[in-house]
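Have a look; sequence and predicted model below, questions after that.
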Amino acid sequence: MPARTNPWRFCIAPMLDWTDRHYRFLARQLSRHARLYTEMVTTGALLHGDVERHLRFDPAEHPVALQLGGSDPAALAEAARIGAEWGYDEINLNVGCPSDRVQNGAFGACLMATPERVADCVAAMREAVNVPVTVKNRIGIDHQETYEEFREFVDIVADRGGCEVFIVHARKAWLSGLSPKQNREVPPLRPEFARRIKAERPELTVVLNGGLADIPSMQAVLEDLDGVMVGRAAYQDVGMLAGIDAALFGERETTDRAEALRRYRDYAAGRVAEGVRLPTLIKPLLTLFQGRPGARAWRRHLSEQAAKRPGDVTVIDEAAELLRR
C-alpha cells in the first residue's frame, strides 16, 4: 500500500462552481490531509483578467493546487509562475474537460490527441516554477479505445515533458454528442488503465479519479495506486470528509463536524464583513450534516434565510440550533 505521507493520497477534484475558496476552507476544517484544487482557471483569465479574484485563498487551505486551462506553453509557463508566486503548492494542467468552451480554446480533453503539445506545456511550466507540475487527464477521447493509446500519451508527457504525477479520470471523453455532465457518467470507467500504467511505470505517481463514492472504495484503490481524487461525492456529502483522516491517514478519531462548523462560521463572518454575500458562503455547508437528524431543516433554514438576510451570519447559528432539537 502506498505511504500515508504521499501528498496525493487523497485529493478533492477541481470542480467548476464548487471548489471555490469558501468550499476549500470548509474542506480543510474537515480534513487536515486532503489535497485541495481550485476550479480551473484559464491562462487568459490570469494574464488579462483580475488575478486576485481568481487566485486569492486563505493560508489555512494549504496544501492547495491551482488548476490551469490552456494549450500555449509560454502562456501556461507565465500563468504557472503567477500561481507559484501566489503561494500555490502545485500547478495542475487540465487535459480532461470536454466542454464546448474549452474545446473552442483548443485545450482540456482535446489535448489528449496531441501528447507532444502537452509535454511541451508541462516542460515550460516546470521550467518556470519550483513546485510540482501535474496533469489531470482522461484515458482517451472519441475513438481512442486502447490501453496502448493511453500508455503512449503518458509515456510522451512523462519522458518528454518531465511530468511525474498523473491524475487519471478513468473514462474517455466524447468531444461531440455528450454534454460535460454526460461525459462524467456515460463513458464506462476503466480503472484498470490506471492500475496497469502504475504497474508498468512504478516511478510515476498515479492517482485515480472517477466513480469513487465512499471510503471503502477509496481504501480499495489505495491498495495498488498512489492516491484517489474525489469529485461529486465531496460536495454531495461534504460531511463525508470528516472521516477521511481517520480512514485513510491513520488518525485516531474522525473530525468533529460541529467544531468544523464553528471555525467556518468565524471565517464566514470575516468574509461577510468584506462584502461577500451569505448565499455564496452557505453553499458549501448545505450537505455538512447529510443523513443526520435535522439535516433537512438545516438546509431549508440556510437556503431560505440566507437569501432574505445576505449580510447576517447568525443565520448559520440559527440553523445549527435546529440540529440540536
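Perfect, I can see it now. Residues are numbered from 1 along each chain as shown.

Looking only at stretch 261-272, what residues are buried by neighbour count?
For stretch 261-272, a neighbour-count test (16 or more other Cβ atoms under 10 Å) marks L261, Y264, R265, Y267, A268, R271, V272 as buried. From N, CA and C alone the C-beta is placed, and that goes for glycine too.

of the residues you listed, closest to I167?
Nearest to I167 among those is Y264, at 26.8 Å by Cβ to Cβ.

wait, isn't the closest one in contact with L26?
Yes: contact criterion Cβ atoms under 8 Å: Y264 and L26 qualify, at 5.0 Å.

which residues are in contact with both of these two?
Here Y264 and L26 have P284, L285 as joint contacts, going by Cβ atoms under 8 Å, 6 or more residues apart in numbering.

Let's have the buried residues of stretch 261-272 in CSV, adding distance to C110, pLDDT and secondary structure.
CSV is the format used below for the buried residues of stretch 261-272 (distance: Cβ to Cβ, whole Å; pLDDT from 0 to 100; DSSP: H, G, I helix; E, B strand; the rest coil):
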residue, distance to C110, pLDDT, secondary structure
L261, 41, 98, helix
Y264, 38, 98, helix
R265, 43, 98, helix
Y267, 38, 98, helix
A268, 39, 98, helix
R271, 36, 98, helix
V272, 41, 98, helix
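
Could you export the residues you listed to TSV, including columns for distance to V154?
As requested, these are exported to TSV (distance: Cβ to Cβ, whole Å):
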residue	distance to V154
L261	41
Y264	38
R265	44
Y267	39
A268	42
R271	41
V272	46
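
Name the nearest of these relative to L225.
Nearest member of the buried residues of stretch 261-272 to L225, counting by Cβ to Cβ, is Y264, at 31.2 Å.

helices and strands of this structure: which one has the lowest mean pLDDT?
helix 100-104 (a mean of 64; mean pLDDT, DSSP states H and E).

What helices and strands are in contact with the following helix or strand past that one?
Next helix or strand after helix 100-104 toward the C-terminus (DSSP states H and E): helix 115-128. Counting contacts by 3 or more Cβ pairs under 8 Å, 6 or more residues apart in numbering; DSSP states H and E, helix 115-128 is packed against helix 73-85, strand 90-95, strand 133-138, helix 147-159.

Quick check: mean pLDDT of the first one?
The average of the pLDDT scores along helix 73-85 is 98.

Now do it against strand 90-95, angle only.
Interaxial angle, helix 73-85 versus strand 90-95 (axes from the mean of the first three to the mean of the last three Cα atoms, to 10 degrees): 150 degrees.

outside of helix 73-85, which residues touch it?
For helix 73-85, the surrounding residues in contact (Cβ under 8 Å, 6+ apart) are 41, 43-44, 46-47, 51, 55, 66, 68, 70, 91, 93, 117, 120-121, 123-125, 127-131, 133.

list the buried ones in it?
Those buried within helix 73-85 under the rule 16+ other Cβ under 10 Å are P73, A75, L76, A77, E78, A79, A80, R81, I82, G83, A84.

With the last one instead?
When burial is assessed from 16+ other Cβ under 10 Å, helix 147-159 yields the following buried residues: E149, F150, R151, F153, V154, I156, V157, A158.

starting at the chain centroid, how far to it?
Offset of helix 147-159 from its chain centre (Cα atoms, centre = their mean, to the nearest Å): 23 Å.

neighbours around H143, how many?
A count of nearby residues for H143, using other Cβ atoms under 10 Å, gives 8.

Would you convert the helices and strands packed on helix 115-128 into CSV that also reports distance to K308?
Listed next are these as CSV, based on distance: least, Cβ to Cβ, whole Å:
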stretch, distance to K308
helix 73-85, 38
strand 90-95, 37
strand 133-138, 39
helix 147-159, 50
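
wait, isn't T205 in contact with A158?
No: between T205 and A158 there is no contact under Cβ under 8 Å: 10.5 Å.
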